[in-house]
Structures are given as C-alpha cells and as structure tokens.
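*Asks:* Return a 3D structure for these sequence lines:
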Amino acid sequence: LPISLLRDRNYPTARAAMLNTLTRSFMHNRFWINDPDCLMVRGRRTKLTEQQIYLMASVTALSGGLLLLSDDLTELEEDRFEIFEKTTALNRKCAPHTPLPLGMLENHFPRGLYNPAGYLGLWNPTRGPDRISVPIPSGVDAGALKKARNYWTNRAISWQIQDGRINVALGPFESLVAVL
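*Replies:* Residues are numbered from 1 along each chain as shown. This is a model prediction of the structure:
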C-alpha cells in the first residue's frame with residue numbers, strides 16, 4: 001500500500017473488507033447474506049479519494065449484501081449523499097441475486113463482480129493505472145456490453161470486447177458499474 005493511504009486508518013480496513021466481500025460473494029443468498037462492512041462516502045475527516053469511495057460503493061452495492069453507512073447523514077455533503085442514495089438503489093436491485101467474482105484466480109484482489117440483476121462492475125484497486133481484463137460472464141451478451149453505460153456517470157463505457165474477454169484501462173482506484 002502506498003504511504004499516503006496508510007495515513008488514513010480506514011483504507012487498509014476497507015481494502016480487506018472489500019477483498020472478503022468479493023471472494024465470498026458467490027455464497028451470497030446461498031449460505032448467508034453478505035456483510036461487506038461499513039461504507040464511507042464522506043468527503044471530510046478522511047484521506048480516501050473520490051475514486052476509492054466509488055470503488056467501495058461499487059463493491060458494496062453489487063455484492064447485494066447488507067448496506068451500512070459509517071457516516072453521520074446530517075453531516076454529509078450533497079454530492080456524497082447522492083453517492084449513498086445511488087449505492088442504496090443499486091444494492092436493492094442486486095440483493096436478491098448471487099453475484100459472481102471476476103478474475104478471482106488471476107488476481108489477489110478480483111477485478112470485477114457480475115450481478116445477474118444486470119450489472120457488471122470492474123475496478124482497479126491499485127495506486128497505478130492498470131489494464132483490466134476479465135472473462136465475459138456466462139449468459140452476458142457481448143452486444144449488451146457494447147451498449148452498456150456506467151451506472152455512476154450515465155456515460156458510454158469505452159472498453160474492448162474480444163475473444164470472450166472484457167478489457168478496459170482504468171486509472172488508480174478507478175471503478176465502473178455497467179448497466180447491462
């Protein structure tokens with residue numbers, strides 16, 4: 001972990017919680033309801049970047065598990081409250097389904113999560129830019145991937161679909177959630 005992230009006592013814990021959520025996600029609704037730990041979206045009294053917050057929100061929402069916020073709602077900035085609202089809405093849609101982690105055997109920290117509710121998340125959990133490549137989940141149409149938009153921004157996603165894989169370049173801690 002980079003030194004700047006170690007100064008924020010929350011990031012190492014958040015990273016471990018996200019890793020546990022991803023690697024156990026396939027058991028959601030089969031053995032238990034996932035409990036991904038608390039989500040933090042605040043912009044004050046934290047050194048977490050906006051990209052790290054979206055990464056945490058993406059993993060938490062797509063897992064379909066419990067959603068707990070560790071922030072005081074009365075102190076959240078408007079833009080951060082919107083992140084929380086969108087995370088809650090996505091989590092409600094994903095909760096009835098069992099997600100599938102992507103790239104779990106290729107990376108210590110899986111680079112994606114597919115939720116059969118019609119959402120696919122990809123992320124770069126590292127401090128440097130990275131090219132993410134994951135297999136297209138079974139049952140997902142390549143045509144739907146080409147038309148997908150990012151849940152967080154409503155923008156088209158510029159990724160490449162080739163040889164049964166999804167490939168995309170992402171910046172440090174950047175994430176996206178495709179609406180299929």
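*Asks:* For this structure, which segments count as strands?
*Replies:* Using DSSP state E, the strands of the chain run over 38-39, 68-69, 100-102, 112-115, 119-123, 130-135, 149-150, 160-162, 165-170, 175-179.
*Asks:* Would you mind finding the most buried of those?
*Replies:* For the strands of the chain, the largest average neighbour count (mean count of other CB atoms under 10 Å) is found in strand 112-115, namely a mean of 28. All C-beta spots, glycine's among them, are computed from the backbone N, C-alpha and C.
*Asks:* for it, packing partners?
*Replies:* Here strand 112-115 touches helix 50-63, strand 100-102, strand 119-123, going by 3 or more CB pairs under 8 Å, 6 or more residues apart in numbering; DSSP states H and E.
*Asks:* Please dump those into a markdown table; it should also carry mean pLDDT and distance to Ala89 for every row.
*Replies:* Shown next, in a markdown table, are the helices and strands packed on strand 112-115 (pLDDT from 0 to 100; distance: least, CB to CB, whole Å):
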| stretch | mean pLDDT | distance to Ala89 |
| --- | --- | --- |
| helix 50-63 | 92 | 8 |
| strand 100-102 | 91 | 21 |
| strand 119-123 | 97 | 11 |
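*Asks:* Out of the strands of the chain, which gets nearest to Ala57?
*Replies:* Nearest to Ala57 among the strands of the chain is strand 38-39; the distance by CB to CB comes to 6.3 Å.
*Asks:* ok, now which ones touch the residue lying closest to Leu55 once chain neighbours are set aside?
*Replies:* Nearest residue to Leu55, sequence neighbours excluded (CB to CB, 6 or more residues apart in numbering): Ser175, at 4.4 Å. Taking CB atoms under 8 Å, 6 or more residues apart in numbering as the criterion, Ser175 is in contact with 51, 54-55, 58, 121-124.
*Asks:* Near the nearest residue to Phe81 once chain neighbours are set aside, how many residues? Count them for me, please.
*Replies:* Closest residue in space to Phe81, ignoring its immediate chain neighbours: Leu73 at 7.3 Å, by CB to CB, 6+ apart. Close neighbours of Leu73, defined as other CB atoms under 10 Å, add up to 9.
*Asks:* try Ala156
*Replies:* 11.
*Asks:* So it sits against Leu145, correct?
*Replies:* No: using CB atoms under 8 Å, Ala156 is not in contact with Leu145; the gap is 11.3 Å.
*Asks:* I am finished for the moment; much appreciated.
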